[in-house]
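Trainee: Can you look at this prediction? I've put the sequence above it.
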Amino acid sequence: MLRHALVAVFASVSTGFVYAAAPSSPQPKSEQGPFKVTTVAEGFEHPWGLALLPDGRMLITERAGRLRLIDKNGKTSAPLQGLPKIAAGSQGGLLDLTLSPKFASDNLVYFSFSEPGEGGTGTAVARGKLAANALENVQVIWRQTPKVDSQLHFGSRIVFGPNDTMFITTGDRYNQRPKVQDLSTTIGKVIRLKSDGSVPADNPFVKREGARPEIWSYGHRNIQAAALHPQTQQLWTIEHGARGGDELNNPQAGKNYGWPVITYGVDYSGEKIGTGTEQAGMEQPVYYWDPVIAPSGALFYTGEAFKDWQGDLLIGSMTPGALVRLQMEGAKVVKETRYLGELKQRIRDVQQGQDGSIYLITDMPKGKILKLEPLAP
Ligand SMILES: [Ca+2]
């Protein structure tokens with residue numbers, strides 16, 4: 001303890017800052033959860049995003065570029081018509097989807113995808129009106145700039161916030177690290193828009209010359225899990241590190257989350273990345289994982305079915321494959337628990353049903369929709 005205290009004192013003398021190093025995962029073993037698991041539907045090719053409709057139907061994306069409806073009996077539709085041109089391949093394709101907060105009246109579905117264009121591909125977000133067998137009037141409302149020659153690290157979760165805002169998470173496109181700290185690009189950023197795609201007047205960089213006005217926060221590697229906190233209405237994100245260094249963040253307006261300058265991981269080759277784990281002007285993660293969980297899909301649980309889980313953050317893990325539960329006290333993680341490790345499935349998205357049951361999708365060549373319900377009393 002004394003030694004740590006001394007190190008902290010010297011650090012504050014030498015740099016003028018005292019850092020609170022982020023707490024890391026204790027790497028818990030997967031345990032039996034208080035639920036039974038059933039398969040709702042199956043046979044999806046690398047499903048990526050799931051949305052639960054108010055009438056009991058579901059919408060699911062397949063990375064290969066298909067969007068399907070699933071009725072209440074688990075019957076799956078043919079692919080819906082009306083999607084834009086999608087650059088499917090490697091990690092690219094049709095990715096997240098989410099319903100408009102006013103879906104009951106506007107019938108709008110928002111989705112993210114890898115868009116082909118001059119220079120390569122880029123993450124994009126579009127919206128369209130759900131009809132019986134199509135999305136109608138599809139309109140691209142945001143495009144990542146610039147498009148680059150890469151099929152990796154597209155992000156991309158869509159999360160609605162308060163006051164008609166929406167967040168879009170992105171990635172560093174794997175081979176574009178220098179652009180992540182560059183505010184003239186939207187690579188490695190969290191984006192904040194109005195629901196029609198326009199830029200909110202109170203975004204942090206709207207008045208900074210040379211910066212993209214839609215940027216909310218920067219210095220992110222690849223964010224494939226994100227959720228709005230039900231009480232604070234703030235965005236929480238979980239991003240992929242390289243080898244080690246997956247991070248939980250609570251991104252604040254205009255702040256720099258460090259990639260690729262600071263990280264708790266190393267490169268896949270074992271080589272060091274950046275300068276270390278801490279630097280002035282760069283935020284520490286709330287929590288990090290090493291080894292990684294490969295996070296995708298997240299929500300703050302608010303249901304009645306699993307009362308003990310209310311307020312907890314549930315995250316899909318693709319590697320080793322689990323449902324990760326973080327118990328929170330305010331903005332701090334107090335406990336990590338893992339479930340479903342025995343399935344050895346890549347959990348790609350997590351959604352909550354109206355009755356509090358939890359729906360997961362597995363990112364596999366023949367992926368499934370799984371439903372978690374409480375064990376009979
Ligand atoms: Ca970081």
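Mentor: Good, I have the coordinates. Since this is a predicted model, take the numbers as computed values, not measurements. Numbers count the residues shown, from 1 in each chain.

Trainee: Every contact and neighbour count from this point should use C-alpha atoms.
Mentor: Fine.

Trainee: So which residues on the stretch 201-350 of the chain come close to the ion?
Mentor: Neighbours of the ion within the stretch 201-350 of the chain, by C-alpha under 5 Å from the ion: 257-258.

Trainee: now the strands: where do they sit in the stretch 201-350 of the chain?
Mentor: Using DSSP state E, counting those that start in this stretch, the strands of the stretch 201-350 of the chain run over 215-218, 223-228, 235-239, 246-249, 287-289, 295-300, 313-317, 322-329, 332-339, 347-352.

Trainee: Can you give me the end-to-end span of stretch 326-335?
Mentor: End-to-end distance of stretch 326-335 (C-alpha to C-alpha, to the nearest Å): 6 Å.

Trainee: Next, the residues that contact it from outside, please.
Mentor: Residues from elsewhere that reach stretch 326-335 (C-alpha atoms under 8 Å, 6 or more residues apart in numbering): 286-287, 309, 311-314, 336-337.

Trainee: Could you list the low-confidence segments of the stretch 101-250 of the chain?
Mentor: In the prediction, the stretch 101-250 of the chain carries no residues with pLDDT under 70.

Trainee: And the helices in it?
Mentor: 103-106 (DSSP state H, counting those that start in this stretch).

Trainee: Just want the phi and psi numbers for P213.
Mentor: With angles defined as degrees, to the nearest 10, P213 sits at phi -70, psi -20.

Trainee: what's the nearest residue to it if we skip its chain neighbours?
Mentor: V206 (4.4 Å; C-alpha to C-alpha, 6 or more residues apart in numbering).

Trainee: Quick one: residues contacting the one you found.
Mentor: Contacts of V206 (C-alpha under 8 Å, 6+ apart): 212-214.

Trainee: So which of the contacts of stretch 326-335 wins on neighbours?
Mentor: L314 (25 neighbours; other C-alpha atoms under 10 Å).

Trainee: who does that one bridge with?
Mentor: L314 has these beta-bridge partners by DSSP bridges: L299, R325.

Trainee: doesn't E336 make contact with it?
Mentor: No - the pair formed by L314 and E336 falls short of the contact definition of C-alpha atoms under 8 Å, at 9.9 Å.

Trainee: I238: neighbour count?
Mentor: By other C-alpha under 10 Å, neighbour count at I238 equals 28.
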